[in-house]
Each structure stands twice: as C-alpha cells, then as structure tokens.
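Student: With the input below, show me the fold.
(chains A, B, C and D)
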There are 2 protein chains.
Amino acid sequence: MREKVPDSPIERLRMTGLRPTRQRVALADLLFGRGDRHFTAEMLHAEAIGRGIPVSLATVYNTLHQFVEAGLLREVAVESSRTYFDTKTSSHFHFFIEGEGTLVDIDVPDLTVENLPEPPEGMEITRIDVLVRIAPKRERL
Amino acid sequence: MREKVPDSPIERLRMTGLRPTRQRVALADLLFGRGDRHFTAEMLHAEAIGRGIPVSLATVYNTLHQFVEAGLLREVAVESSRTYFDTKTSSHFHFFIEGEGTLVDIDVPDLTVENLPEPPEGMEITRIDVLVRIAPKRERL
DNA sequence: CTGTGTGCAAACTCTTTGCATAAGT
DNA sequence: ACTTATGCAAAGAGTTTGCACACAG
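Tutor: Numbering: from 1, shown residues only, chains lettered A, B, ... in the order given. Predicted coordinates for the structure are as follows:
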C-alpha cells in the first residue's frame, strides 16, 4: 500500500504496450520507485546486478531506449560518449557537476530562456536543453 | 591583404604556444579562415583530405583537443558518441537540426536564461549551454 | 641537432546486433 | 503454442594511444 504513485511499474509498462517482463519490471521499479533519477546505462546495470537482479547490459540498453521511445525516460546530452538518462520527462533543466559526472535537476519553476528567436522557416522546436556546468570554486587562478 | 582578421593562423598558433606545423596551420586555416564553423572531427578530416591536405584522423583529433585547451575552439555536447566543435568561443547558444545533425548559432545578442538559481555551496558556474533542438514541422500528428 | 609532432595501426570504450534460448500471454 | 524478450559474445562507431619516422626551431 504505497502512496502518491497510482500506477505501479507494471501498469506503466502496459500503458506503453511493453510486455512486463521480469527485467523490464525490475528496471522500471528501480527507476520510478522513488524520485527523479539521472544515470547512465552502466550505472543502472551495476545497480541492478548489485541488487541481485539478473540482467545483461545489452538488455539494459534495449530497455532504456524502449523507455525513451515510450516517453517514460528522457535522454540528456552532456558529454560525447556517455549517454545520460533522466526519469523526469517534463520540461526542466540541469546542473552538471564536472569532474564528478553528476546531473542534478534545477528545481526552479520559473526558469526560462528569454528572447528566443523563431526557428528557421518550416522548422519547429522539439525541445530546449539548458545545461549549467558547475565545478568546485577555485581560490583564484 | 585580408580584412578584419589581424592574426593569421600562424600568429594564432604562436600565441597559444603551439608549434605552427604544416597540419596545424592547415587546419587552423580551414577553421578560422571565414566565419564561425560547427563540425565534428570526421567532417574536418574529410574536408582536409578533400583539399589535398595530408593529415591523419588521429592528428585531427589531437589538434582539435589542443585547440580546445588553447581556447581557440569549444566543444558542444549534442549527442552522445559524436563530439561537435565550434570555432566561436564566446558565450552563445545553438539550434540543433535533428535528423540533419547540424549546429547553427542562435544570433540573438540578448538571449538569456532567467531566474537561474545559485549553484550549490562551493561551486561555481563554468558555462551555460543552451541547445534548442528543431526539426521539420509536421503537418499534424 | 634536439625535441616535438605526425601517421599508422592497434587498443579502448561505449553501444548495438545476431542468434539460440527463455519467458510472457 | 506462438511471439517477443533476453543473454551472450562478437561486431561497430568514434576516439585514443604507442612507437618509429619526420619536421620545426
């Protein structure tokens, strides 16, 4: 008897037409269990294995992409050669902690980009990504 | 007798302490010759080869990273597994044309991000990336 | 000359794929 | 049963590295 989350992982999967297999349910459970999460495929795979969920890295990749396509997850471009995923799919922006490789939501409701021009003729805006890179403050250079 | 660009590629390289070798000069020439450019290592390599500049892909990668470190170039995170570079190093934001894989500067001087919160204690903002993804308008879904 | 840069091919990392086996409905 | 998903290991893309040769100062 949980709170707040009316749809269990299984419901969530059914809604998207994805068969609720062991692995998909287990991964969905990890991902959507509590709060928003930011991670790479390897991080999630390690976590799953650590919790005794038998799943291969290939399946983690497959599943993550299926989740993205189903709108359950979002991909965040941070660095080349490392794909980050985010469980929060609604419009929002991120801090990226350099060196640490961590993504953090910027929890400000009214964060906006001002004076954005129209996209070129015949084009429409798909999405706006704002990434604020931060690093430990240095005394002085 | 050019205009506007007081420092030749060679000057530019000297300023940064990089030896003006054939390849580096040739690449700098391609890159900083005219206007701002957005490209990947492979694109630049192909262009160099196409113009008869003998340079290996490895050297292109080396050179690009050296240029980034020297502040002559900037890296732009767009998609995982493809590193984009940008010859414009000053603060500005981009359109990314999906499907086409093209980056375009957003030429609006007063484009800003409003209501940005303070970074966490002891951290400072390194850089703010804004990427506006655009795609051909679809009739209706 | 002396040290740095270059090119090549091999190595590496992250990610995807092909195919036989296992699981869901 | 029938179909789709999984796991493994191998393949693939992009990027990096090690080392002998070449070039700039």
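
Student: what is A:Ile125 paired to in the beta sheet?
Tutor: B:Ile134 (DSSP bridges).

Student: where's it relative to B:Arg14, distance?
Tutor: Using C-beta to C-beta, to the nearest Å, one obtains 42 Å as the distance from A:Ile125 to B:Arg14. No exception for glycine: its C-beta is placed from N, CA and C like everyone else's.

Student: One more: A:Tyr84?
Tutor: Separation of A:Tyr84 from B:Arg14 (C-beta to C-beta) stands at 39 Å.

Student: Tell me which of those two has more neighbours.
Tutor: A:Tyr84 (22 against 13; other C-beta atoms under 10 Å in any protein chain shown).

Student: Assign the more buried one to helix, strand or coil.
Tutor: strand (DSSP: H, G, I helix; E, B strand; the rest coil).

Student: In contact with the residue lying closest to it once chain neighbours are set aside, which residues?
Tutor: Using C-beta to C-beta, 6 or more residues apart in numbering or on different chains and skipping the chain neighbours, the partner closest in space to A:Tyr84 is A:Val76 (4.4 Å). Taking C-beta atoms under 8 Å, 6 or more residues apart in numbering or on different chains as the criterion, A:Val76 is in contact with A:His38, A:Tyr84, A:Phe85, A:Asp86, A:His94, A:Leu103, A:Asp129, A:Leu131.

Student: strands paired with the helix or strand hosting A:Val76, and their directions?
Tutor: Under DSSP states H and E, the secondary-structure element containing A:Val76 is strand A:74-79. Each strand that pairs with strand A:74-79, with its direction, by DSSP bridges: strand A:82-86 (antiparallel).

Student: after the partner strand, next one along is what?
Tutor: Next in sequence after strand A:82-86, counting helices and strands by DSSP H and E, comes strand A:93-97.

Student: got the residues of chain A near DNA strand D?
Tutor: By the rule C-beta under 7 Å from any atom of the strand, the part of chain A lying against DNA strand D is A:18-19, A:21-24, A:54-56, A:58-59, A:62-63, A:80-81.

Student: about what we covered before: and the pLDDT for the residue nearest to A:Tyr84?
Tutor: Looking at A:Val76, its pLDDT stands at 96.

Student: Please tell me how far it sits from B:Glu69.
Tutor: Applying C-beta to C-beta, the value for A:Val76 to B:Glu69 is 25 Å.

Student: tell me the contacts of the closest residue to A:Ile53 other than its chain neighbours?
Tutor: In space, and not counting its chain neighbours, A:Ile53 is closest to A:Ala26: 4.5 Å by C-beta to C-beta, 6+ apart. Listed by C-beta under 8 Å, 6+ apart, the contact set of A:Ala26 reads A:Ala48, A:Ile53, A:Val55.

Student: does any part of the strand or helix carrying A:Ala26 sit near DNA strand C?
Tutor: Take DSSP H and E as the rule and A:Ala26 turns out to sit in helix A:22-32. Yes. With C-beta under 7 Å from any atom of the strand as the criterion, DNA strand C is reached by helix A:22-32 at A:Arg22.

Student: List the buried residues of that helix.
Tutor: Neighbour counts over helix A:22-32 (16 or more other C-beta atoms under 10 Å in any protein chain shown) mark A:Gln23, A:Arg24, A:Val25, A:Ala26, A:Leu27, A:Ala28, A:Asp29, A:Leu30, A:Leu31, A:Phe32 as buried.

Student: Format the residues you listed as TSV; extra columns: pLDDT.
Tutor: Putting those into TSV (pLDDT from 0 to 100) gives the following:
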residue	pLDDT
A:Gln23	96
A:Arg24	96
A:Val25	96
A:Ala26	96
A:Leu27	96
A:Ala28	96
A:Asp29	95
A:Leu30	95
A:Leu31	96
A:Phe32	93
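
Student: Taking helix A:22-32 as reference, get the angle to the helix-or-strand element of chain A with minimal mean pLDDT.
Tutor: Least confident helix or strand, chain A: helix A:9-16 with a mean of 89, by mean pLDDT, DSSP states H and E. Relative orientation of helix A:9-16 versus helix A:22-32 (axes from the mean of the first three to the mean of the last three C-alpha atoms, to 10 degrees): 100 degrees.
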